[in-house]
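[1] When you get a sec, could you give me coordinates for this:
(2 chains)
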Amino acid sequence: MDSQSVAAQTVETGHIEHEHPPFLRHHFENVAQQREAATFGMWLFLLTEIMFFGGLFCAYLIFRNWYYPAFVAGSHSLHIWAGTLNTTLLIISSFTMAMAVHAAETRVRRSLMGWMIVTIILGCGFLCVKAYEWHDEWVEHHVPGLNFNPATLEHGTKAYPDDTLAPDMAQKTSVYFSLYFAMTGMHALHMIIGVSLLTILLIGAYKGKYVDGHVAPIENFGLYWHFVDIVWIFLFPLLYLISRHQ
Amino acid sequence: MSTIVSLPDQSTATLPKVSYLNKEYGLKSWLLTGDHKRIAVLYMISITFFFFIGGAMAALIRLELLTPTTDLLAADTYNKVFTAHGLIMVFLFLVPSVPATIGNFLIPIMVGAKDLAFPKINLLSWYLYIAAGIMMICVLVFGGVDTGWTFTTPLSTHYLNTNVVTAGLAVFVAGFSSIFTGLNFIVTIHRMRAPGMTWFRLPLFVWSHYAASILMVLGTPVLAITLVLVVLERTIGIGVFDPSKGGDPLLFQHLFWFYSHPAVYIMILPGMGVISEVISTFSRKRVFGYTAVAFSSVAIAVFGFFVWAHHMFIMGISNYSALVFSLLTMLVAVPSAIKIFNWSATLYKGSITFETPMLYAFGFLGLFTIGGLTGVFLGSLGMDIHLTETYFIVAHFHFVMVGGMLMAYLSGVHFWWPKITGRMYPEGVSKLAAVITFVGFILTFFPQFILGYLGMPRRYAAYPPEFQVLNVFSSAGASVLGVGYLLPLLYLTWSLKYGKIAGANPWQATGLEWQIQSPPLTENFAETPIVTHEAYDYEWLANKTRNEVQTVG
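    Next up, the predicted model:
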């Protein structure tokens, strides 16, 4: 077949098959292939995210082994009620997000938007509590590099008066708080991105998208949201719950 | 000399009326395109630009090293120049070189798809690359950075007053560009293959890109978080790598090399894919031990993740872990050697012709073998203590990356140039360029092995006078090498207008990409191809050609 006839044929036939739904992109054979590709791509992206947080978790593991007393003292200075509240908020938000995916699958626009709004509110609630905690740590001079004062951790806290640290170990609490801010900061950044994306999706849902069988964006965003949630499920015990039984 | 090139009759041949190049016109149709072929061309132009900036830095380095004293560049300027050379060549040229250009162009066609799975993410990847490039240029304009391309802490976090943060962020952004490329490839290879295109019918080019993509997707994020921590440490002063706060600089080395060692396989694996295609085509034989070559790519990717600490033998890591990492390093030589042996065995009793891509491929075989074997020297603990941080390392790395990867890239560019542009490059002058590159390369880098063995350390602007003779050889070779790289730039540009019309399959090759017009249609295939033959099945091609002639006749 020479090139002209191929070209001519394409001009004729390229746009004949328009029985497919409007959201099917031209380079996919069918909707199933498009949906599978999108989901597979999302899982791969989450794999890169695991490696991204993995670097931090690796650092945490090493330093916690080296400076265990400092990590205990640092952990005890956090508000356990705030961490618990945030964990609860995120778990509920994962449930509401799952319900949003379900609503998109069953093609109920009002319920889809409702669940999305609840998820956004819960996400914002998480960020507010987090911001409160960070502010509190700033006030207590626990921000490494900016206003860190290890002396505040040498003599234990009200709830844990036995947490006395030698001055050189108290210095090491700065490593704990470096990791605390890096990890919760990266997590909060992912939450902010998540809430922003969800808002964009909400606008799409308002315009009537995602309830015509094109569930993939909602479904894949759901995967992202659950992933960010799971990261927190690991962060909470690692940062807040070190040796709380004393 | 015999040749397999078969071009259409030049008096009647024309370029196809409709192709990806002329379907739409205007800058906007390029900058907002979703077409993987156009993005590949955008990438090709951008990486060529940065290659020549990085090359100019190399020229400055070699000029400075012409004499033992620091006469052309002051010591701190020299530090900035070799850092810029390293950062630009590694992150803006080598990592995206084959995958983002030739791979981007070919992967969808080779698997029989109309495009990559995520065209918009592909375009986003190019924009991220450009953003990283602009940041890197800003670094150069606003005074440079002198950490070396490795960002070693605490040097980078505490002791330097240069643009470390901008450079770190540039690499961070370039990293995401490469993550998106890798992600796109993996999904495309898994989900977009044409009917009949089974895993073991895929060209080896696709296998090697698959392996490289795994490394991109799993390794790059670790570099990203490491650079974030370096930037945070430098800007607000957190203490993860800072020993004065209880942090550990060795942790930085572990995290950095966890990416940056696999990164050399990100760079070399796609080049190995090119070599498989070229060697098979120009010896008219199926690649010997196809399955072994395919799995050796994956094996390199897997082993590649467990050798990083061989960069740290002199940094005080435990003797036992050094032993294990030394052993694993030598294991990587096994799959690499499988490839070299199988390519050589492919040549055996093949019908070999010496077109330009094949000349570059031969260059690759020789230079990569030397580069790889000197890697085994460096992987053994005793030798490493003597040779590390000397010019031996520099020569080893350049043999693999320039002698290996750049040769493979140029081989691929020449091989697929007729497919990308529809026109042939001029054969005579390009053969000359291939030979000049090879000679220039040997002259530049072989003396550096000797220099390193004699103990000349890397990264210094001055050196003892007894090293001058070999350094002069090296600098002279660099100027020859420069000519070897400028020639293709000139004649390939020339061929865009004056090259011979190539036709669909000038090499009589078997790949799917050669069964469609050159340059291809935007949607690649007029109808979805159904694959019924193995890769490199020259009998199938001969039958097909015979049938077509009969049909037409």
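[2] contacting residues around residue B:14?
    By CB atoms under 8 Å, 6 or more residues apart in numbering or on different chains, residue B:14 lies in contact with residue B:501. The C-beta positions use only the backbone N, C-alpha and C, and glycine is treated the same way.
[3] Phi first, then psi, for it.
    phi -130, psi 160 (degrees, to the nearest 10).
[4] which SS state does the closest residue to chain B within chain A fall under?
    Using CB to the nearest CB, the single residue of chain A nearest to chain B is residue A:145, 2.8 Å away. Assigned by DSSP: H, G, I helix; E, B strand; the rest coil, the conformation of residue A:145 is coil.
[5] which residue packs closest to it, ignoring adjacent ones?
    residue B:237 (2.8 Å; CB to CB, 6 or more residues apart in numbering or on different chains).
[6] Please verify my assumption that that neighbour contacts residue A:146.
    Yes: the criterion here is CB atoms under 8 Å, and residue B:237 meets it with residue A:146 at 7.2 Å.
[7] Compare the two and say which is more crowded by neighbours.
    Taking neighbours as other CB atoms under 10 Å in any protein chain shown, residue B:237 and residue A:146 compare with residue B:237 leading, 18 against 12.
[8] sec struct for the more buried one, please.
    Quick answer, by three-state DSSP: residue B:237 is coil.
[9] For it, give me phi and psi.
    Dihedral angles for residue B:237 - degrees, to the nearest 10 - are phi 90, psi 40.
[10] Next one, pLDDT for it please.
    Residue B:237 carries a pLDDT score of 89 in this model.
[11] For it, which residues are in contact?
    A:144-146.
[12] Which of the helices or strands spans residue 179?
    All of this is about chain A. Element membership for residue A:179 (DSSP states H and E) is helix A:167-206.
[13] You answered for a different chain; I wanted chain B.
    Taking DSSP H and E as the criterion, residue B:179 maps to helix B:164-191.
[14] low-scoring pLDDT stretches of chain A, where are they?
    Low-confidence regions of chain A, defined here as pLDDT under 70, cover residues A:1-19, A:246.
[15] ok, 80 please
    Within chain A, the set of residues satisfying pLDDT under 80 comprises A:1-20, A:155-159, A:161-163, A:245-246.
[16] How about the stretch 1-150 of chain B?
    B:1-2.
[17] what about 90?
    Residues of the stretch 1-150 of chain B meeting the criterion pLDDT under 90: B:1-15, B:22-25.
[18] Who are the packing partners of the helix or strand hosting residue A:235?
    Using DSSP H and E, residue A:235 maps to helix A:216-240. For helix A:216-240, the packing partners by 3 or more CB pairs under 8 Å, 6 or more residues apart in numbering or on different chains; DSSP states H and E come out as helix A:31-66, helix A:80-105, helix A:167-206.
[19] now the contacts of residue B:237 as CSV including distance to residue B:114?
    CSV is the format used below for those (distance: CB to CB, whole Å):
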residue, distance to residue B:114
A:144, 52
A:145, 51
A:146, 52
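[20] ok, those residues vs residue B:181, which is closest?
    Using CB to CB, residue A:145 is the member of the contacts of residue B:237 that lies nearest residue B:181, at 34.9 Å.
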